[in-house]
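Peer 1: Take this sequence and fold it.
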Amino acid sequence: MEKIGKVGLKTFENFLKKRLGKENKNVIVPPMTGVDAGVVDIGSGKVLIIAEDPIFPAPKQPLDTFGWYTVHIGASDIAVMGVKPQYMTYSLLMPPDTKEEELKTIVDSIHRTAKELDISIVGGHTGYYPGISYPLIGGITVFSVAEKGSYVTPAGAKPGDDVIMTKGPAIEAAGLLAVLYEKKLLENNGKEIVDKAKEVCKQMTCVKDALTAVKAGGVSAMHDATEGGVIGGLFEMANASSVGMEIDENKFVSPKEVEMVCKELDIDPVEAIAEGTLLITCNAESSEKIISALGSEGIKASVIGKVTDTKDRRMMKRKDGSIRKLAVPEQDPFWPVFFEGAK
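Peer 2: Numbers count the residues shown, from 1 in each chain. Sure, this is the predicted structure:
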């Protein structure tokens, strides 16, 4: 089967990571798997934190949601570093027959969402090109200037830390697929739970989760569980931090509507893309106040496991009692189902 989604760990480590242009001692956090943003020392005690993402439109959803997803997904990569997103650029690429009204709808929604998050748009590119079959964001770059040492990375987890997860697994997969497969889901499920699953799309952001958690204090690392799902995100944090992890799926927040979508479409929820699900490690004394702060913002969260000093033991106890090794899945199960539904 052809692979869909980001390149695998081996390709990154053996090829991409060895082709990063000129070495520069000011690069404090270079590209690494599982690390959401780069960090550059810009002098005077300041650092530049910068992240990049491509964004595809969500089929069967209004174009004005495209801008919301674009800005929140891009901004989440900076927020999980514990820093408020400040600036952004984006490249909007469109087919030559795109209507002017469609262009205005997309740009208006990006502008509106950026204002809501206090982000300034400082550049980018907008154009029409043959070969582009639908409007897409070739890249959104979000960045912030922060005090040196004021940020966290996914590499900061320490033995003894608690592991917290917000919202539940497969948030992005469940929301987008509920819209795409609404008719199929309604064959075996009531309208109420299907509508609730479609509403999960509005949870595809980690901005509030991350800024709330870091403000509560005690956070050692954060990571949004995107492609490869929760099990891949946890592996990436453990790998970046050179630690072990023991996770219990029975302790997850697990919304019924997410479980329903994954069951109906035969998707393992822990492997499926989960933009909006924030993984946090923190000292054990801070867990309660972080979960309480998240709860006050309407974000459900729970302690799902512990960080250990045994880095060759990174495991998840599944609901059926089986033990699964933490790893990035060879293929995120979301993508084949998504593109089949989008035809």
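
Peer 1: how many neighbours does the nearest residue to V207 once chain neighbours are set aside have?
Peer 2: Among residues not flanking V207 along the chain, A79 sits closest, at 4.5 Å (C-beta to C-beta, 6 or more residues apart in numbering). In this view, the C-beta of every residue, glycine as well, is placed from N, C-alpha and C. When counting by other C-beta atoms under 10 Å, one arrives at 30 neighbours for A79.

Peer 1: Surely A79 and K215 touch.
Peer 2: No: counting by C-beta atoms under 8 Å, A79 stays clear of K215, with 11.2 Å between them.

Peer 1: any low-confidence regions in the chain?
Peer 2: 1-2 (pLDDT under 70).

Peer 1: what ranges do the strands span in it?
Peer 2: Taking DSSP state E, the strands of the chain run over residues 27-29, 38-43, 46-55, 87-94, 120-128, 136-147, 162-166, 219-224, 244-248, 278-282, 301-308, 314-317, 323-325.

Peer 1: Would you confirm that D64 contacts S109?
Peer 2: Yes: contact between D64 and S109 holds when scored by C-beta under 8 Å: they sit 4.3 Å apart.

Peer 1: Between those two, which is the more surrounded one?
Peer 2: S109 (20 against 14).

Peer 1: need the contact list for that one.
Peer 2: 63-68 (C-beta atoms under 8 Å, 6 or more residues apart in numbering).

Peer 1: Are any of those residues buried, and if so which?
Peer 2: For the contacts of S109, a burial check counting by 16 or more other C-beta atoms under 10 Å picks out 63, 65-68.

Peer 1: re earlier: any idea how far the residue nearest to V207 lies from P85?
Peer 2: 6 Å (C-beta to C-beta, to the nearest Å).

Peer 1: any residues in contact with both of those two?
Peer 2: Overlap between the contact sets of A79 and P85, as judged by C-beta under 8 Å, 6+ apart, is given by V207.

Peer 1: How about the closest residue to A37 other than its chain neighbours: which residues does it bridge to?
Peer 2: Using C-beta to C-beta, 6+ apart and skipping the chain neighbours, the partner closest in space to A37 is A51 (3.8 Å). With beta bridges defined as DSSP bridges, A51 has these partners: V142.

Peer 1: give the contact list for A51.
Peer 2: For A51, the residues meeting the contact criterion (C-beta under 8 Å, 6+ apart) are 36-38, 74, 77-78, 141-143.

Peer 1: CSV for those residues, including neighbour count and distance to K289?
Peer 2: As requested, these are exported to CSV (neighbours: other C-beta atoms under 10 Å; distance: C-beta to C-beta, whole Å):
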residue, neighbour count, distance to K289
D36, 24, 24
A37, 24, 25
G38, 20, 30
G74, 30, 29
D77, 27, 25
I78, 29, 23
T141, 18, 33
V142, 27, 28
F143, 24, 30
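
Peer 1: Tell me the one among those residues nearest to L180.
Peer 2: Within those, distances to L180 taken as C-beta to C-beta reach their minimum at G74, with 22.8 Å.

Peer 1: Give me the phi and psi for I132.
Peer 2: When quoted as degrees, to the nearest 10, the phi and psi of I132 stand at phi -90, psi 120.

Peer 1: ok, now how distant is it from K10?
Peer 2: Between I132 and K10 the distance is 30 Å, computed by C-beta to C-beta.

Peer 1: neighbour-wise, which of these two wins?
Peer 2: The neighbour comparison of I132 against K10 (other C-beta under 10 Å) goes to I132, with 15 against 8.

Peer 1: Hmm, L93 and the more buried one touching each other?
Peer 2: Yes: under the contact definition of C-beta under 8 Å, I132 touches L93, with a separation of 5.1 Å.

Peer 1: How much space separates the closest residue to I110 other than its chain neighbours from F56?
Peer 2: The spatial neighbour of I110 that comes closest, neighbours along the chain excluded (C-beta to C-beta, 6+ apart), is G67 at 3.8 Å. In this view, G67 and F56 are 13 Å apart by C-beta to C-beta.
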